[in-house]
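> Model the following, please.
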Amino acid sequence: MAGITAKKSLGQNFLSDEGILRRIADAAKVGSGDTVVEIGPGLGALTKHLLHKDLAKLIAYEVDDRAIDLLRKEFTDPRFELRHEDILQADLTSVSEDKLRIAGNIPYYITSPIIFKLIDDRQYIKDALLLVQLEVAERLTAKPRTKAYGIPTVLTNFFGEVTYLFKVKAGSFRPVPKVDSAVIHINFERGYFQRSGLPIPDGFDMKDFQRFVRQVFAMRRKTLRNNLK
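Residues are numbered from 1 along each chain as shown. Sure, this is the predicted structure:
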């Protein structure tokens, strides 16, 4: 995979630490019947370790033109399928009859859009194992009444259950980013209603709820009453 350098415009920082890559693949805990979707395989560093697992299929979404031919030549495993497509535009609803397992080292600048897409498509997704900026991981797992607690925290933990797994130092990437990262796990089968055992109320609208949460946090210095006005 030599000859491809990270593109700033794509937010690329290639994870090169083999120990961390193995640890991420192990944390995915994929099984023999699983269809895994990898977001942005890049040079295939994590792809290689995922294919060492006993999974049914690995579908990788990559937008970088330079990586497509190299990935196709590198990975000839019949379980591997490469799609030259932006994950944000991808239709995940018809990828597999079974629920998808998501994995990926995702670009910092589109972390929120990717997570919110997964929330929208959660009916078709079992879980997601994501390598994200440390600050994002801390925000998604923040406790109430803390500064980091906000819209992403509430929505992600309402529609799923977020677990902070482990930190990844900046030096594990090439080029080295200015910040550390962390691996998180989002279980979309453990949303609020599943965890609480409560039935979904009649007339409950997920989109309305998302708009409500965004309005609640719109201006933190105002009272809840004034925000909702």
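> Not counting sequence-adjacent ones, nearest residue to Gly53?
Gly isn't right for residue 53; it's Lys. Nearest non-adjacent residue to Lys53, counting by C-beta to C-beta, 6 or more residues apart in numbering: Val30, 4.9 Å away. Just so you know, the C-beta spots here come from the backbone N, C-alpha and C atoms, and that holds for glycine as well.
> Just the residues contacting the one helix or strand in the chain whose mean pLDDT sits lowest, thanks.
Using mean pLDDT, DSSP states H and E, helix 224-228 stands out as the lowest-scoring helix or strand of the chain, at a mean of 77. The contact list for helix 224-228, computed with C-beta atoms under 8 Å, 6 or more residues apart in numbering, reads 215-219.
> quick check, nearest of those residues to Gly197?
Taking C-beta to C-beta as the measure, Gly197 lies nearest Val216 of those, at 24.7 Å.
> The closest one: neighbour count?
Neighbour count for Val216, taken as other C-beta atoms under 10 Å: 15.
> got it, and Ile119?
Ile119 is flanked by 21 other residues according to other C-beta under 10 Å.
> got a list of what it touches?
If a contact means C-beta under 8 Å, 6+ apart, then Ile119 has 155-156, 159-160 as its contacts.
> ok, now Ile87?
In this structure, Ile87 makes contact with 37, 39-40, 61, 114, 117, judged by C-beta under 8 Å, 6+ apart.
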